[in-house]
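Student: this is the structure alone, sequence omitted:
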């Protein structure tokens, strides 16, 4: 064939190649759409596993390269995540954890999806029926990886503390995490667990009211980070300098724990200890401040906030020294908790009420004011803003089948009981009042809120534990809500979501029993 | 006429191959046998016979696809190398036959053989499903879904499902493309190399969604990204021909399976043409 007759053929080949590429570029979005829908057959969560998975992965998984396939699958799952196709991810999680049971990311991400990403259309509330699956997945991960801290911590912090707000359970798992080391993902060799795990243990003790343990843990953390820094300073390979911010972080947290124990419960020893630590933290800040001022004569630089606050707290301490003082949480506070509900449409409830958690004027006289300057900084705010001074507190509600009990799964399965209804969320409190329209009647959410039971329990409660109340409210009512009183709604046993009662805590709780007709 | 003569000879040669006949007989036998064991593979008791039918269709389409890969590869790899090894190509090219006529004739013969074998398997497959569905009843699923209750009676199962036909056509189209690629390779490689190259192209084309994900993965450098993109767009997308799940769950997505099949037909023809042109260009300059 001569060159002249080859040219048209080459030209034709190029045209055909361009067509093929252009066709692919055009066809692909359609195809992605088709495959995405294909995976959501039967709602995406009740179908058979193999029917939910792309065939190419199922075939590939039969080869000997299990971890490679698992990795490729996980990349695929990441694609689904970025497209918002969460339903498609969980079957992949199942397959990847079968293929590679030591892939920690898959357990953590899968459990996080189950906890947070299956949301309703009307309120973006997550489907709480997936929570047992999330726990089961993490526990399976722990069984497969019992010697490293990661999944114990994940179960404690992301799941129990953040999702369930059950600090007692969170503590159990974070304590376990603190007994385990880490693992280098490349070599499998043991490595130190990150410092924040131990710091989180101190915070967890604080949340459940074990203050002495919290103090001890802060000292343990402080010693550990100092040891690490000492070791790093001896290591000549580290050229960029050793990061010492962890010491500062531990000192600040420990100082604030002492100070808050003093402000809330009137412990002057702790006040003194807290101030000493706070002054320790101030020293480098003040040094830097002096250097900056010296380098820029004639310019004004404000004194570091921490130093100003510490000095004010020292003055407050001196004014109280030797006097009888029980702390701010010792003064009872009538919360005046009132709550009502009404059905405004089928499956749509309106919850509203009042909560006099802390009158704004009281902030002025709180011991913490010297340090936090919460009242003074907000005194110049507009009248409208002042009305919202109590912002930050939240009231929780939970609506569930009357006999609902969260199932315990021994093995991981993402199949849920679609006959059950359970939902919960929180309502923001502003100016001492709260109101929320809860729409569980959107037709798109019919599967999530089936309302098939005859009776329901609607519980509305206030918890003194964060995140329901911020630090400055706790400065008045105490960690455990010791100051809270209420003639109708005080509850000292437990609230929904907690696996076990917490002794010594004061909750405000109101429970309503609803008939199906009340909702439908 | 020359092209047709070559094609006819190729079909005759191919159908005489024992290995092809065995593949065909075993596949057809298994499709028929699936009539009996589909019951035991059923996972769902609520859907009754419709679940059996789904398994039967899935099994049949899967078997046809598997047999198709082997037939395409076994047939395709020997198309040109065998003629060279047996030196019959000298006799053919000594006659007034141009090289491009030879290539086109060979390709036409290959896809005709595939049409015959896929057609045979397809007819048996559809007949098997129809036989199974004939007179069968299932719970009235529409009422179950709407009312959330069971025991509301039964309804007849649809006997003929057009999706089965589209499925058979899509299977045929993907192996037409595979044959064209194998033919292109057979102008360059020996039979053994060609077999593995063809299989590799099929596997990569089938797993193109993985290729796409790898190309988009965080941490992939620009060179890798370009490489994966080229692979993704240039290699045939066999996964797009492979829609058993869609065929089994027609409610899932594709609004019109006929239009989708036509689109894939166009793609398959153009891709096969591209491979054919490249094969001609290479073979024209090859010393035989």
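Tutor: In hand now; what should we look at? Predicted model only: the values in this text are computed from it and were never measured.
Student: quick one: low-confidence ranges for the stretch 201-350 of chain A?
Tutor: Within the stretch 201-350 of chain A, the segments meeting pLDDT under 70 span A:236-242.
Student: for chain B, give me its nearest residue in it.
Tutor: Nearest to chain B, among the residues of the stretch 201-350 of chain A, is residue A:347, at 15.9 Å (C-beta to the nearest C-beta). C-beta here means a position set from N, CA and C on the backbone, and glycine is covered the same way.
Student: tell me the helix or strand right after the host helix or strand of residue A:306.
Tutor: Assigned by DSSP states H and E, residue A:306 falls within helix A:305-320. Next helix or strand after helix A:305-320 toward the C-terminus (DSSP H and E): strand A:333-334.
Student: list the contacts of that next one.
Tutor: Strand A:333-334 is contacted by residues A:356, A:357, A:358, A:476, A:477, A:483, A:484, A:485, A:486, A:487 when judged by C-beta atoms under 8 Å, 6 or more residues apart in numbering or on different chains.
Student: burial count for residue A:10?
Tutor: Using other C-beta atoms under 10 Å in any protein chain shown, residue A:10 is surrounded by 13 other residues.
Student: leaving out chain neighbours, which residue sits closest to it?
Tutor: residue B:281 (6.8 Å; C-beta to C-beta, 6 or more residues apart in numbering or on different chains).
Student: the host helix or strand of the one you found packs against which elements?
Tutor: Assigned by DSSP H and E, residue B:281 falls within helix B:257-285. Helices and strands in packing contact with helix B:257-285 are listed as helix A:3-39, helix B:99-133, helix B:162-186; criterion 3 or more C-beta pairs under 8 Å, 6 or more residues apart in numbering or on different chains; DSSP states H and E.
Student: go through those and pick out the most buried.
Tutor: Sort the helices and strands packed on helix B:257-285 by mean neighbour count, taking mean count of other C-beta atoms under 10 Å in any protein chain shown, and helix B:162-186 sits at the top with a mean of 25.
Student: quick check: bridge partners of residue A:423?
Tutor: For residue A:423, the beta-bridge partners are residue A:399 (DSSP bridges).
Student: okay, buried residues for the helix holding residue A:306 please.
Tutor: Neighbour-count burial for helix A:305-320 flags A:306, A:307, A:309, A:310, A:311, A:312, A:313, A:314, A:316, A:317, A:320 (criterion: 16 or more other C-beta atoms under 10 Å in any protein chain shown).
Student: determine which two of the contacts of strand A:333-334 are furthest apart.
Tutor: Greatest spatial distance in those: A:476 and A:487, 19.1 Å, computed using C-beta to C-beta.
Student: the two: who's more crowded?
Tutor: Taking neighbours as other C-beta under 10 Å, residue A:476 and residue A:487 compare with residue A:476 leading, 24 against 9.
Student: buried residues, the helix or strand that contains that one. List them.
Tutor: Assigned by DSSP H and E, residue A:476 falls within helix A:471-477. Neighbour counts over helix A:471-477 (16+ other C-beta under 10 Å) mark A:472, A:473, A:474, A:475, A:476, A:477 as buried.
Student: shaky segments in chain B?
Tutor: Ranges of chain B meeting pLDDT under 70: B:37-52, B:54-55, B:136-157, B:217-219, B:243-255, B:288.
Student: burial measure for the nearest residue in space to residue A:419 that is not next to it in sequence, as a count.
Tutor: Of all residues not flanking residue A:419 in the chain, residue A:452 sits nearest, at 4.8 Å (C-beta to C-beta, 6+ apart). For residue A:452, the count of nearby residues is 13 (other C-beta under 10 Å).
Student: secondary structure class for residue A:452?
Tutor: Here residue A:452 is recorded as coil under DSSP: H, G, I helix; E, B strand; the rest coil.
Student: phi, psi of it?
Tutor: When read as degrees, to the nearest 10, the backbone of residue A:452 gives phi -100, psi -20.
Student: thinking again about what came up before, which residues are in contact with the residue of the stretch 201-350 of chain A closest to chain B?
Tutor: Residue A:347 makes contact with A:439, A:440, A:441, A:449, A:451, A:519, A:520, according to C-beta under 8 Å, 6+ apart.
Student: go with 7 Å
Tutor: Taking C-beta atoms under 7 Å, 6 or more residues apart in numbering or on different chains as the criterion, residue A:347 is in contact with A:440, A:441, A:449, A:451, A:519, A:520.
Student: what ranges do the helices span in the stretch 351-500 of chain A?
Tutor: Using DSSP state H, counting those that start in this stretch, the helices of the stretch 351-500 of chain A run over residues A:360-363, A:369-372, A:374-379, A:383-387, A:471-477.
Student: how about the stretch 51-200 of chain A?
Tutor: Along the stretch 51-200 of chain A, counting by DSSP H, counting those that start in this stretch, helices occupy A:55-60, A:66-82, A:89-99, A:104-116, A:131-144, A:150-154, A:167-177, A:195-207.
Student: mind listing residues that contact the shortest one?
Tutor: Read that as helix A:150-154. Contacts to helix A:150-154, defined as C-beta under 7 Å, 6+ apart, come from residues A:104, A:107-108, A:111, A:138, A:141-142, A:145, A:173-174, A:176-177, A:180, A:197.
Student: between those, which sits nearest residue A:495?
Tutor: Relative to residue A:495, the closest of the contacts of helix A:150-154 is residue A:173; by C-beta to C-beta it sits at 20.1 Å.
Student: excluding its backbone neighbours, what's nearest that closest one?
Tutor: Once flanking residues are discounted, residue A:173 sits nearest to residue A:156: 3.2 Å by C-beta to C-beta, 6+ apart.
Student: ok, now residue A:470?
Tutor: Nearest one to residue A:470, counting by C-beta to C-beta, 6+ apart, is residue A:392 at 4.1 Å.
Student: of the helices and strands packed on helix B:257-285, which is nearest residue A:506?
Tutor: Comparing those against residue A:506 with C-beta to C-beta, the closest turns out to be helix A:3-39 (48.1 Å).
Student: so how many other residues sit close to residue A:272?
Tutor: Neighbourhood size, residue A:272 [other C-beta under 10 Å]: 15.
Student: tell me which element it falls in.
Tutor: Counting by DSSP H and E, residue A:272 is found in helix A:268-295.
Student: if you count contacts, what does that helix end up packed against?
Tutor: helix A:245-265, helix A:305-320 (3 or more C-beta pairs under 7 Å, 6 or more residues apart in numbering or on different chains; DSSP states H and E).
Student: I'd like those helices as CSV, with distance to residue A:513 appended.
Tutor: CSV is the format used below for the helices and strands packed on helix A:268-295 (distance: least, C-beta to C-beta, whole Å):
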stretch, distance to residue A:513
helix A:245-265, 36
helix A:305-320, 48
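Student: need the ones you listed in a markdown table with distance to chain B, can you?
Tutor: A markdown table is the format used below for these (distance: least, C-beta to the nearest C-beta, whole Å):
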| stretch | distance to chain B |
| --- | --- |
| helix A:245-265 | 28 |
| helix A:305-320 | 38 |
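Student: between those helices, which one is closest to residue B:186.
Tutor: Nearest to residue B:186, of all the helices and strands packed on helix A:268-295, is helix A:245-265, at 65.9 Å by C-beta to C-beta.
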